[in-house]
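*Asks:* turn this into a model:
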Amino acid sequence: MTMQQDGMNAWRGGGRVSKASEPGEMTSLDVDLTIELPVRFVHELSAAESLQDVLDTVARWSHTMFGANRASITLAKSETELALIAMQGNNAIPVDAPMPIEGTMVGRVYRNRQAEYAASFEGSSDLDCQMLRSKGLRCCLDVPMISSGRCMGTMNIAHETPDAFSDLDRQRLQAMAHWVAASIRIHHQMEEMALLSGTDPLTGVCNRRAFATRFGALTKRWQCHSAALGIALIDLDHFKSINDTYGHDVGDQVLVAVAKALTSSFRKSDLIARMGGEEFCVVMADVDKPALMVALERFNQALASLDVSAAGAPIAVTASIGALLIDQGHEDLGQLVSHADKAMYRAKTGGRNRIEFVHLKESAT
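*Replies:* Got it, this is the predicted structure:
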């Protein structure tokens, strides 16, 4: 017997065959039930580098271990839709296809957080069951993925033969779905922790520590392209006087408003960071001088329109900006921010509220 056959038998097992069930009927789990996993399945899970890799691996092995003609995983997309994000086998409903919660078996399982088994699609009015039937499938088993009281989505297996799955299959698939849900929850928690550790808590943009890491990754990718790299170092003018005159709470409001102005003025792909105090930095890959200057002028216009006031009067905010454009060459990337800083200082000494531009050519040293 092959490893895959052994794994399939371990998951299918014996037991009473479940007939078509109303919502909520198949809810009890045998706590003494054991689950055997193929060794190769475990190895592939451990080698997965992303959550998508994990879900793809689970879908692929569910297809094998349950002897199904199709295995799929959906995740909640909105209050009205689920999204199919992993699938193996029959392509009746393709990956990334949106699936309405209303009027579908999978939506009902998600909404009610209870497993359902359609032993036959005959007479079913559910949209997803009709779609599966149109591609030759005849039955499906759908279970919710629940962790910490929250339903993340569903797992589904389908077969070309009616009444192909047993109640034991349902219990094993449900246990697997709970494990997948826990993995998704942990992944999301890790993403949130990484975001918080790399985010300035006041303004919500990248902090200086995360900037150093992301800047290194960005410039490494940039070195593989011929387009120029743009850097702008932005220092708010007379910010100390704003704090001294109106208080630090108002100063914080200004910083938050400036960060929003930066976010709205630059591309989503651009790196925006608060370097400390009233100093911000923006890095633009694949840009030329006109595009860099247009973005900076757009930011200056946003600064002039900031909606921050104190004692009933608007607070005027301006910035001195050192803008740097560098062609691909042998320039030491670690010195780029230093060049931009020097340009920004010249903008300060040259009268403030202005942009000092520097173009480092390929031959620059």
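*Asks:* how about the strands in this protein?
*Replies:* Per DSSP state E, the chain carries strands over the ranges 70-76, 81-89, 98-100, 116-118, 139-147, 150-159, 228-236, 271-276, 279-287, 309-310, 313-314, 319-326, 355-360.
*Asks:* want to try a markdown table for these, with distance to residue 339 and mean pLDDT as columns?
*Replies:* (Each C-beta comes from the backbone N, C-alpha and C, glycine too.) Formatted as a markdown table, the strands of the chain follow (distance: least, CB to CB, whole Å; pLDDT from 0 to 100):
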| stretch | distance to residue 339 | mean pLDDT |
| --- | --- | --- |
| strand 70-76 | 45 | 95 |
| strand 81-89 | 44 | 93 |
| strand 98-100 | 48 | 92 |
| strand 116-118 | 63 | 96 |
| strand 139-147 | 49 | 96 |
| strand 150-159 | 47 | 95 |
| strand 228-236 | 8 | 92 |
| strand 271-276 | 15 | 92 |
| strand 279-287 | 12 | 91 |
| strand 309-310 | 36 | 86 |
| strand 313-314 | 34 | 86 |
| strand 319-326 | 5 | 93 |
| strand 355-360 | 6 | 91 |
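*Asks:* out of these, which gets nearest to residue 54?
*Replies:* strand 81-89 (8.9 Å; CB to CB).
*Asks:* got the buried residues for that closest one?
*Replies:* 82, 83, 84, 85, 86, 87, 88, 89 (16 or more other CB atoms under 10 Å).
*Asks:* partner strands of it, with direction?
*Replies:* strand 70-76 (antiparallel), strand 98-100 (antiparallel) (DSSP bridges).
*Asks:* what residues does the last one touch?
*Replies:* Translated: strand 98-100. 74, 77, 80, 81, 82, 83, 84, 93, 106, 107, 127, 128 (CB atoms under 8 Å, 6 or more residues apart in numbering).
*Asks:* report the contact partners of the residue lying closest to residue 187 once chain neighbours are set aside.
*Replies:* In space, residue 187 comes closest to residue 51 once its chain neighbours are excluded; the distance is 4.5 Å by CB to CB, 6 or more residues apart in numbering. By CB under 8 Å, 6+ apart, residue 51 lies in contact with 183, 184, 187.
*Asks:* what confidence value was assigned to residue 51?
*Replies:* Predicted confidence (pLDDT) at residue 51: the value is 84.
*Asks:* and the gap between residue 142 and residue 134?
*Replies:* 18 Å (CB to CB, to the nearest Å).
*Asks:* do residue 246 as well
*Replies:* Noted for residue 246: a distance of 66 Å to residue 134, by CB to CB.
*Asks:* same check, this time on residue 169
*Replies:* Using CB to CB, residue 169 is found at 24 Å from residue 134.
*Asks:* tell me which of residue 142 and residue 134 has more neighbours.
*Replies:* Taking neighbours as other CB atoms under 10 Å, residue 142 and residue 134 compare with residue 142 leading, 28 against 10.
*Asks:* was I right to think that one contacts residue 106?
*Replies:* Yes - judged on CB atoms under 8 Å, residue 142 makes contact with residue 106 at a distance of 5.6 Å.
*Asks:* adding distance to residue 176, write the buried residues of strand 81-89 out as CSV.
*Replies:* Formatted as CSV, the buried residues of strand 81-89 follow (distance: CB to CB, whole Å):
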residue, distance to residue 176
82, 18
83, 20
84, 18
85, 16
86, 13
87, 16
88, 14
89, 16
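*Asks:* show the pLDDT at the closest residue in space to residue 80 that isn't next to it in sequence.
*Replies:* Excluding the flanking residues, the one nearest residue 80 by CB to CB, 6+ apart is residue 101, at 5.7 Å. With respect to pLDDT, residue 101 has a value of 96.
*Asks:* shaky segments in the stretch 101-250 of the chain?
*Replies:* 191-196, 219-226 (pLDDT under 70).
*Asks:* go again with 90.
*Replies:* 148-149, 183-201, 204, 207-229 (pLDDT under 90).
*Asks:* which residues in it form helices?
*Replies:* All helices of the stretch 101-250 of the chain, identified by DSSP state H, counting those that start in this stretch, fall at 105-112, 127-134, 167-197, 208-222, 239-246, 248-265.
*Asks:* tell me which of those is the most buried.
*Replies:* A comparison of the helices of the stretch 101-250 of the chain by mean neighbour count, using mean count of other CB atoms under 10 Å, puts helix 105-112 on top with a mean of 21.
*Asks:* so what's the residue nearest to residue 306 when sequence neighbours are not counted up against?
*Replies:* Leaving aside its sequence neighbours, residue 306 sits nearest to residue 257 (CB to CB, 6+ apart; 4.8 Å). By CB under 8 Å, 6+ apart, residue 257 lies in contact with 306, 307, 308, 317.
*Asks:* could you point out which of those is nearest to residue 236?
*Replies:* residue 317 (6.3 Å).
*Asks:* count the neighbours of that closest one for me.
*Replies:* 23.
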